[in-house]
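S.K.: Got a sequence here, can you build the structure:
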Amino acid sequence: MWELVYFLLINVILPAAIATGIALLMYKAPKRAKPAGKDAFQLPTAEEGRPLPLLSGKRRILSPNAISPLLELYAQHSGSSTRPNTYYYHVGLQLGLCLANIDGVLQFWMAETCLWPTLNDPSVEAADGQTIANVQAVNCWGGYNREGGAKGHVQIQYGDAPQTLNDFLEYKLGSDQPAYRGITTLILGSMTSQTVHGLFYIGTMPVIKPISVLAKRTDKHIDGSEMWYLDKANVGDDDLNAIHFLYERLFCKVGGLGKDISLLGDSWTAAADTCYTEGYGLSNVWDWSPDDIESMIHQVEEIIDGKIYIDPATGKFEIGLVRADYDPDDPSIESFGPADFWVENMPTSSPGTVPSKIIVKWHDKVNLQERPAFDDDIALLARQGGNPIVYEVDYSAFVCNGPLATKIACRSQHIFSAMPKRYTLHALRTMSHLHETSIFKMLYPALNVTSMIVRVISIDRGSLTEGDCIIDVAEDVFGQAHTVYASPYGAPPSSGATPAEEELEEIGQDELVIDRLSSEVVIDRLSLDQVYRRATDPLS
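M.R.: Numbering: from 1, shown residues only. Okay, the predicted model is just below:
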């Protein structure tokens, strides 16, 4: 027994005690790490000359631009013996969001977390016009023991004409700076904040997490004036009526072509009513690249299935929507025939080339993801042997509503499946008063067309000295059931009976039957009921 104790003492316990003593003698307390300075700090984008985006409707604005230098950086040591190297960072910063006079900033986000007005609840939105976002989120991202959360005041300035220099900016940078009218800005920090020096606390790491905000503009134009036709501007979930979007692109001095408002035609109000009822609301953040105004107008025209045109009689801008808004039997619908035009081109389509599946991409505002909406034609797909021809369009820059995207997909599939006939007409000046989206009845015996309702796709009137114009038209899908074709050239005149009755009556008298086996011609008098049985029985 004593031999075992002696062995353990000499060979185990004593060497361990000596090693521990040496380690304690050699131990030196670690030096406290220095806090990160401004040069090591990762700041949001600060790009010289970068234009601020234009907001329409309600949408998240990502990657705001730092328009002032870092106002102040303060690193506060934790003072804890267990974590001697932990610092808590506070910053003051000014960020440019978008152009001025939006209705309000509704949510404040860092990374993928909604911090305000309700933490981790993106379904709650602040009221329009809030000027302070009080962020209390110190428990986010693991709290003080990990990334440190966030806390402080975010001031919101909307850039209207009476705006004065912010007191926090003046205190940090002096009075020699503008009031930042004309743009919407965020200021992280305030004179009234209870955080260190009024700065905004961003956590334990020298990184400002990506900042974004949910913002809205449907009530005012960029210049601060009241939105045109305000009653029908806001559609659905704070989206901007598509007609109002087109109105701004044409007539606004900022973000538009600046056309004179006296050129606004009478059709705009009715079109706005229609799009409001049908739910055509759009939300867009235009950062000026890669889209220009003309391309944006064309995309929105495709979305609503409409067209802006200039009335040749008044010179005003009008807008036409392709809708089933007419009576095909209305005698006031104009008719034109060979005396007015001749068909220059007649492109055709076949079931083997027509899309049988439509995919429309739209934008999910909450998850910031592109999502697809589908529609397909099962009958057309069967004719294509089960291998669909897919047509895909990306409207995610504007459409932020799933049901609207589905409606657009269904409308597009209906038009493709109808396979409307298309014609290029070489017309006289008698048709020069027509415009895009106009409808008229086309009569053209050379193609056996007795009556077909067509819609103008485009019209080239040429110069005033020319005596003709070129018109592209398509058979209108809403009047397709009323198309009437004549009998082919050289066919006997019709008796007024239906084609089936005429065929039965003719066969019911003296039918010429060719015996496929003997090739002998025989005359067989058949009654109508015999003809019906023979026509329906493949073995007869």
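
S.K.: Which positions in the lengthiest helix in the chain come out as buried?
M.R.: Across the chain, the longest stretch assigned as helix under DSSP state H is helix 402-418. Using 16 or more other CB atoms under 10 Å as the test for burial, helix 402-418 gives 404-413, 415-417. Where you see a C-beta, it was placed from the backbone N, CA and C, and this is true even at glycine.

S.K.: and it, what does it pack onto?
M.R.: strand 357-364, strand 369-376, strand 390-394 (3 or more CB pairs under 8 Å, 6 or more residues apart in numbering; DSSP states H and E).

S.K.: roughly how far is that helix from the heart of the chain?
M.R.: In terms of CA atoms, centre = their mean, to the nearest Å, the centre of helix 402-418 is set 15 Å apart from its chain centre.

S.K.: got the contact list for it?
M.R.: 236, 278-281, 303, 305, 354-362, 371, 373-377, 379-380, 391, 393, 395, 399, 475, 477, 480 (CB atoms under 8 Å, 6 or more residues apart in numbering).

S.K.: Just the buried ones out of the residues you listed, please.
M.R.: Buried among the contacts of helix 402-418 (16+ other CB under 10 Å): 236, 280-281, 303, 305, 354-362, 373, 375-377, 380, 391, 393, 395, 399, 475, 477.

S.K.: where do the helices sit along the stretch 51-200 of the chain?
M.R.: 167-173 (DSSP state H, counting those that start in this stretch).

S.K.: Poorly predicted segments of it, please.
M.R.: Low-confidence segments of the stretch 51-200 of the chain, defined by pLDDT under 70: 77-85.

S.K.: Tell me which residue is most central in this structure.
M.R.: In the chain, the centroid-proximal residue (CA atoms, centre = their mean) is Phe398; its distance is 2.0 Å.

S.K.: shouldn't that residue be in contact with Asn284?
M.R.: Yes: Phe398 is within contact range of Asn284, at 5.2 Å (criterion: CB atoms under 8 Å).

S.K.: what's the overlap in contacts for these two?
M.R.: In contact with both Phe398 and Asn284: Phe245, using CB under 8 Å, 6+ apart.

S.K.: Across the sheet, point out what pairs with the closest residue to Pro347 other than its chain neighbours.
M.R.: What sits nearest to Pro347 in space, not counting adjacent residues and going by CB to CB, 6 or more residues apart in numbering, is Arg422, at 5.2 Å. Legend: beta-bridge partners of Arg422 under DSSP bridges are Ala474.

S.K.: same check, this time on the one 5 residues further on
M.R.: For Ala427, the beta-bridge assignment (DSSP bridges) gives partners Phe341, Cys469.

S.K.: what's the spacing between it and Gly258?
M.R.: 34 Å (CB to CB, to the nearest Å).

S.K.: Could you check which of those two has the larger neighbour count?
M.R.: Ala427 (21 against 10; other CB atoms under 10 Å).

S.K.: hang on, that one packs against Glu466?
M.R.: No: counting by CB under 8 Å, Ala427 stays clear of Glu466, with 11.3 Å between them.

S.K.: what is in contact with these two at once?
M.R.: Counting by CB under 8 Å, 6+ apart, nothing touches both Ala427 and Glu466.

S.K.: for the closest residue to Trp342 other than its chain neighbours, what are its contacts?
M.R.: Leaving aside its sequence neighbours, Trp342 sits nearest to His426 (CB to CB, 6+ apart; 5.4 Å). His426 sits next to 341-344, 468, 470 when contact means CB under 8 Å, 6+ apart.

S.K.: 10 Å - rerun?
M.R.: Going by CB atoms under 10 Å, 6 or more residues apart in numbering, His426 touches 341-345, 468-471.

S.K.: And Leu99, by the same measure?
M.R.: 51-55, 159, 182-184, 217, 222-223, 254-255, 286.

S.K.: What of Glu248?
M.R.: Neighbours of Glu248 in contact, by CB under 10 Å, 6+ apart: 54, 56, 221-222, 227-228, 240, 254-257, 293.

S.K.: Give me the buried subset of these.
M.R.: 54, 56, 221-222, 227-228, 240, 255-256.

S.K.: Check whether Tyr444 really touches Trp342, as I assumed.
M.R.: Yes: look at Tyr444 against Trp342 with CB atoms under 10 Å: they come within range, at 8.6 Å.

S.K.: joint contacts of these two?
M.R.: By CB under 10 Å, 6+ apart, the residues touching both Tyr444 and Trp342 are Leu425.

S.K.: Pick out whichever of the two has more residues nearby.
M.R.: Tyr444 (20 against 13).

S.K.: And Leu25, what's its pLDDT?
M.R.: Looking at Leu25, its pLDDT is 43.

S.K.: The one 3 residues further on too?
M.R.: The predicted structure scores Lys28 at 43 on the pLDDT scale.

S.K.: Give the buried residues for stretch 104-115.
M.R.: 104-110, 113-115.

S.K.: Also stretch 114-121?
M.R.: Those would be 114-117, 119, for stretch 114-121 by 16+ other CB under 10 Å.

S.K.: burial of Leu447, as a residue count?
M.R.: Look at Leu447: counted by other CB under 10 Å, it has 14 neighbours.

S.K.: Name the nearest residue to it, ignoring sequence neighbours.
M.R.: That would be Val343: by CB to CB, 6+ apart, it lies 6.8 Å from Leu447.

S.K.: now do Gly92
M.R.: Leaving aside its chain neighbours, Gly92 sits nearest to Leu71 (3.2 Å; criterion: CB to CB, 6+ apart).
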